[in-house]
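>>> Model the following, please.
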Amino acid sequence: MSPPTSYSMKKCSKSKYSDIRIVYDTLLSLGVPNRASTYRGKLHQTSTYRGKVRKNSARMVMNKLNHELDQSTKSFLMLLPLNRHEPNMSTCTFLWPMFFFLLLLHLSEIATSSELDAFTFSGFNGAGYLSLDGLSSITSDGLLLLTDTTKQSMGHAFRPAPLNFRSPTGKLLSFSTTFVFAIAPQYPDFTSDGMAFLVSRTNNLSAATPNKYLGLFNPNNNGNTTNRILAVELDTLQNPEFQDIDNNHVGIDINGLTSISSYAAGYYYSAGPAVMFSNLSLSSGQPMQVWIDFDGVSMQLNVTMSPFQMPKPDKPLLSSTVDLSGVLSDSAYVGFSSATGSYFMTTHYVLGWSFKMNGEAEPLDYTKLPKLPRLKTRSGNSKKLAIWVPLALCPFVLLIIGAVVFKVRRRIKYAELLEDWELEYGPHRFSYKDLFHATNGFADHELLGIGGFGSVYRGVLPTSDTEIAVKKVSHDSRQGMKEFVAEIVSIGQLRHRNVVQLLGYCRRKGELLLVYSFMPNGSLDKFLHDRTKPGLDWACRFRVIKGVAAGLSYLHQEWDQVVIHRDIKASNVLLDSEMNGRIGDFGLARLYHHGTNPSATHVVGTMGYIAPEMARTGRATTATDVFAFGVFLLEVACGRRPLKAEADGQQFILGDWVLENWMKGSVLETSDPRLGDQEWSEYEMELVLKLGLLCSHRAPSARPSMRQVVQFLDGNMPMPELSPDYFSFSTVTNADFKDYLMSFPSSVNVSVSWLSSGR
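Numbering: from 1, shown residues only. From the prediction side, this is the model:
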């Protein structure tokens, strides 16, 4: 049976016009103007041709209604008469009121599901349905302007009527939305805070704060589960307190600004079989599109983005399983929020917006979207500043310039080099900012000394109040830097009472900073050569010598690897609070495995302490360290530097001078005159002088090991009886120390026991 024609409707009442008019007025009263317009033409046609409307024309009207009605209403319409010649007047009289009652109920459902649960704005001109607060407004071009260039402000825009996010049984419903937005900073290189799409149980966010809180939360309620807010943030500032990954990211937020999932802003695209990723700058001022899709069954929330007018990528930027049952109320509001900061102003726009419950949001018609205003160029801003600053000296502009300069200078001041391979050395790496503050900006009054390879500054770490010494060493090349830093970190594991602990390092462009434990009494050479300081008595000197020998023996033979210091000298021996000697400055140190031969490098060290074979071959060994230690012994005992230019142009060599006095039988006369009338052991003095000559022998094979040196100094093994002739280079050119000792019968017993103890 067909639905009633206009003719049959006419016979049921005195005016069929009033029947269609009721349908039309009903649709208008329900707030469904686009559906009412469907019947407007039919209403006009019926009014013009009363009594002459064709049967099939009226049937078209009712067929349209019939398509919208559910099956129960269709069954009811079967009772209505269709025969224009035999109308059932009694049926019309009693069933037409019931028909319109069911029609109103069904059209109410249609309006709710079609008009309230889905909407599309291709521009916002005439969009009186949005609820705006704060800075939000609709421009004459149809742009939704969330914020302008007002400082410390925020703006919100909501769909005024809440949406039902749960079915009658209480299950979460799916939803889909897409929008086109743009974030335009006032200055291209400096942006303020971002914006967010949100689903909230309330559209009153007046208690929220601007800046980093994006107009969503405030310091007191951020993270509270009672907020019941789902937000997708488009963040253009990095806030460490919210664990932001960078200053250009997209994040999913639940009740707070610490994202449960975030990723750098960008999109995926296919390049043949591969899927590639391309970054997008949120604050570029260019329009971009975002899609947000939630599946109420699987609880899967996907966030996808792309440049403007590009099709939706297949792979979402973010995809997380999120249980929103405790977040989404039965009804909630959807909309946008944004905020501005204190310094650099940013404008937030929404060009178009589409939303749908239980289905995919309707695509936006790009041709109908409003255009963004022309962005200010860098040159335009510069011209305005050039005009207004000289004329008005505007405090605001000066404040902006000062803030920019401060930020840039601060960034340059604390800039440092950090490569991926350094991440594993985290605990051993110091930030340049911490070292800068620890040394008061490497102030002159914190300078401890200047050496051949850098300056040393005293500092106090602000986080732990630990006193440190920071040595700045120049380096211009990255070649071998990874291996060098690895060795520095390994040296930091050294633990010995006579070794200054290397705490860590920091790298800047062209500069390496080494951080050591602070030694309050400074370096030994100041007590030996600075006449303004009191001299050291012999007991203290001998204790320092024994300590340095023990420390060097630890480096050569007692640790996991062989550590060759390469720069043993008095200025690198530091004195702790009890005047104990400690080996410091490992900037030139190298590590080798036991039993391996060190490779050749360029010659490093300090003149006067460099062994002859090191100068010839460039290969540093434990024997070259022993040579430097021998020179150090002579320096401590004699109080004179190893090399010095004489007034007659000749070069004074400390070792040759001590050897000459030994040949004359006056070796003790080389002792430091500053010892004066103090009591000191002639035996210990002679032991140190002769041991210094032995360790600094020109032939590497003639030198003892540091373990043997420690035994000599501790008295656990007597020194072999040597004559000055032993130190003639020609004597030992083709024979080592063992062969030479065997040539002296009086020393055979001593030499055998010494040599059998191992080198």
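>>> and Val275, what element?
Val275 is located in strand 274-279, with elements delineated by DSSP states H and E.
>>> Which helix or strand contains the residue lying closest to Ala611 once chain neighbours are set aside?
Distances taken as Cβ to Cβ, 6 or more residues apart in numbering place Phe627 nearest to Ala611, at 3.7 Å, with adjacent residues excluded. (Glycine included, C-beta is placed from N, CA and C.) Element membership for Phe627 (DSSP H and E) is helix 622-638.
>>> follow-up on the earlier one: just give me how far the helix or strand that the strand holding Val275 is followed by sits from the chain centre.
Downstream of strand 274-279, the first helix or strand assigned by DSSP H and E is strand 288-295. When C-alpha coordinates are averaged (Cα atoms, centre = their mean, to the nearest Å), strand 288-295 and its chain have centres 27 Å apart.
>>> Please name every helix or strand in contact with strand 288-295.
For strand 288-295, the elements it packs on are strand 175-185, strand 229-235, strand 300-307, judged by 3 or more Cβ pairs under 8 Å, 6 or more residues apart in numbering; DSSP states H and E.
>>> make it 7 Å
If you count contacts as 3 or more Cβ pairs under 7 Å, 6 or more residues apart in numbering; DSSP states H and E, strand 288-295 packs onto strand 175-185, strand 300-307.
>>> For stretch 682-696, output the C-alpha coordinates as PDB.
The C-alpha coordinates for stretch 682-696 follow below in PDB (Å, rounded to 0.1, in the frame of the first residue of the first chain):
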ATOM      1  CA  GLU A 682     121.400  12.700  54.500                       C
ATOM      2  CA  TYR A 683     120.600   9.000  53.700                       C
ATOM      3  CA  GLU A 684     117.200   9.900  52.300                       C
ATOM      4  CA  MET A 685     118.500  12.900  50.400                       C
ATOM      5  CA  GLU A 686     121.200  10.800  48.800                       C
ATOM      6  CA  LEU A 687     118.700   8.000  48.000                       C
ATOM      7  CA  VAL A 688     116.300  10.500  46.300                       C
ATOM      8  CA  LEU A 689     119.100  12.100  44.300                       C
ATOM      9  CA  LYS A 690     120.600   8.900  43.000                       C
ATOM     10  CA  LEU A 691     117.200   7.300  42.400                       C
ATOM     11  CA  GLY A 692     116.300  10.500  40.400                       C
ATOM     12  CA  LEU A 693     119.300  10.000  38.200                       C
ATOM     13  CA  LEU A 694     118.600   6.300  37.800                       C
ATOM     14  CA  CYS A 695     114.900   6.900  36.800                       C
ATOM     15  CA  SER A 696     115.900   9.600  34.400                       C
END
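>>> which residues are contacting it?
Contact with stretch 682-696 is made by 542, 545, 626-627, 629-631, 633-634, 637, 655, 658-659, 667-668, 670-671, 703-704, 709, 712, 719, 722, 727, as judged by Cβ atoms under 7 Å, 6 or more residues apart in numbering.
>>> Leu372 is nearest to which of the helices and strands packed on strand 288-295?
Ranking those by proximity to Leu372 (Cβ to Cβ) places strand 175-185 first, at 5.6 Å.
>>> Let me see the mean pLDDT of the closest one.
Mean pLDDT, strand 175-185: 95.
>>> Quick check: neighbours of that strand in the sheet, parallel or antiparallel?
Strands adjacent to strand 175-185 in the sheet, as given by DSSP bridges, are strand 288-295 (antiparallel), strand 346-357 (antiparallel).
>>> quick check: angle from that strand to strand 229-235?
Strand 175-185 and strand 229-235 meet at an angle of 40 degrees, taking axes from the mean of the first three to the mean of the last three Cα atoms, to 10 degrees as the criterion.
>>> helices or strands up against the strand holding Val275?
Contact partners of strand 274-279 among helices and strands, from 3+ Cβ pairs under 7 Å, 6+ apart: strand 266-271.
>>> mind listing what the strand it packs on pairs with, with the direction of each?
Applying DSSP bridges to the sheet, strand 266-271 is found paired with strand 274-279 (antiparallel).
>>> buried sites along the strand it pairs with?
Residues of strand 274-279 include none that count as buried (16 or more other Cβ atoms under 10 Å).
>>> if we can go back for a sec, quick one: contacts of the helix holding Phe627?
By Cβ under 7 Å, 6+ apart, helix 622-638 touches 528, 541, 544-545, 552, 556, 562, 564-565, 568-570, 608-609, 611, 614, 641-642, 654-655, 658, 670-672, 685, 688-689, 691-696, 700, 703, 706.
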